[in-house]
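Student: coords please:
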Amino acid sequence: MAGISYNTGATGGAANVTSINYTAPAGVLVNDVMILGIVVFTEDSTQPAFSVTSTGSEVWTIVSPVELAAGAGIYTYGFVYSAVATASSAHATVTVSETGSPGSTTWIGAAMASYTGARTTSSIDVIGGTSIPGQSAFTITCPTKTTNAANDWGIYIMAGGNNGSGVSVPSGTTQRQLASTGGGMIAVIADSNGIVGPASTTIGGGVFTNTADVASNCWLTAFTIGLAPAPVNPGGFMPLF
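Tutor: Coordinates of the predicted model:
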C-alpha cells in the first residue's frame, strides 16, 4: 500500500532582517505537501504580521496557532505554514517576511520539509502547539494529539531561541531539516519516518532538548502535526491529481 514518504527539504535564516529567502530544491514534486516551520525573534512586545510568498504558484497558508515564548524583553514566535507543490514549486524562491518589528532587532529562521503521498486537500489531519516562556527552560514537550485519519505520519517542529544551533529531536523520530539564523534562533523539523497507526492514535509527547546552552537563553515553541495520507483507489493505486 502506498503512503507518505519524506522527499526533500530546505532552510533559510538570518539575523537583523525583516525577511529571509530559501530556494526550494529541484526534487520537489507536484502534489508534495510542504511543511514550513518558522521562528521569528523580536524585542518588540507587539506581535508582527507574518507572510510567506513564493515565485512558484503554490499558495502558502498558516496552519497552526502562533505560539509566543516571551521573557526578559524577548519575544519569540513559532508557527507553521503549509502548501501543496505545483509544477513551478521546484527551484522557486520562498520568502518569509514580517512587518511591525525593526530589522535591527529581528531574527527569522525557516525549515521546510516536503512530503510525497500526503493528502492534497485538508493535508493537516491534526495540529497543536505549545510554548515555554522565559529563559530557563531547555526542553520542550510536543503537545499530544489524537489522529482522525488512519496511517498519518507524525511531524514534530521546534521553533525558538536557544543561543546556538544544538538540539536533539524527540526519541524515535528522524531529524529532517534545521535552520539557524546565525543569531541563536533555530527551526527544526523531525518526523515519525513511518505511519503512526490507525485513526484515534495519540501522537506527540516527545521532547526536544536544547544542547547548545542548557542553562539559560531559551525561548521555545513546539508543534505536533498529523499529516494525512492521500486516499487510495479501490484498486489499491494512488490517485493521479
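
Student: switch to C-alpha atoms for all contacts and neighbour counts from now on
Tutor: OK.

Student: pull the distance from stretch 30-45 to the chain's centre.
Tutor: 6 Å (Cα atoms, centre = their mean, to the nearest Å).

Student: okay, buried residues for that stretch please.
Tutor: For stretch 30-45, burial by neighbour count (16 or more other Cα atoms under 10 Å) applies to 30-44.

Student: for stretch 74-90, same thing?
Tutor: By neighbour count with 16+ other Cα under 10 Å, stretch 74-90 contains the buried residues 74-86, 89-90.

Student: out of those residues, which two sit at the greatest distance?
Tutor: Using Cα to Cα, the pair of the buried residues of stretch 74-90 lying farthest apart is Ile74 and Thr86, separated by 37.5 Å.

Student: just checking: what are the partner strands of the strand or helix carrying Ile20?
Tutor: Element membership of Ile20 [criterion: DSSP states H and E] is strand 19-23. Next to strand 19-23 in the sheet, as set by DSSP bridges, lie strand 93-99 (antiparallel).

Student: pLDDT score for the residue lying closest to Ser123 once chain neighbours are set aside?
Tutor: Once flanking residues are discounted, Ser123 sits nearest to Ala228: 5.6 Å by Cα to Cα, 6 or more residues apart in numbering. Note on Ala228: pLDDT of 98.

Student: for Ala228, give me its contacts.
Tutor: Contact analysis of Ala228 by Cα atoms under 8 Å, 6 or more residues apart in numbering lists Ala118, Arg119, Ser123, Ile124, Asp125, Ala149, Ala150, Asn151, Asp152, Trp153.

Student: the same query, at a cut-off of 6 Å, please.
Tutor: Contacts for Ala228 (Cα atoms under 6 Å, 6 or more residues apart in numbering) come out as Ala118, Arg119, Ser123, Asp125, Asp152.

Student: swap in Tyr22?
Tutor: Gly12, Thr93, Val94.

Student: any idea how far it is from Ile203?
Tutor: For Tyr22, the distance to Ile203 equals 30 Å [Cα to Cα, to the nearest Å].

Student: kindly report the same for Leu36.
Tutor: As defined by Cα to Cα, Leu36 lies at a distance of 19 Å from Ile203.

Student: what does Gln47 give?
Tutor: 30 Å.

Student: pick out whichever of those two has more residues nearby.
Tutor: Each of Gln47 and Ile203 has its neighbours counted (other Cα atoms under 10 Å); Ile203 has more, 24 against 17.

Student: coming back round to it: ok, the contacts of Ala228 vs Val52, which is closest?
Tutor: Ser123 (18.0 Å).

Student: count the residues that sit near that closest one.
Tutor: Neighbours of Ser123 using other Cα under 10 Å come to 20.

Student: where does this protein have low pLDDT?
Tutor: Flagging of the chain using pLDDT under 70 yields the residue ranges 1, 134-137, 162-165, 183, 212-217, 234-241.

Student: need the contact list for the residue most central in space within it.
Tutor: The centroid of the chain falls nearest to Gly37 when counting by Cα atoms, centre = their mean (2.3 Å). Taking Cα under 6 Å, 6+ apart, we find Gly37 in contact with Val80, Ala110, Ala111.
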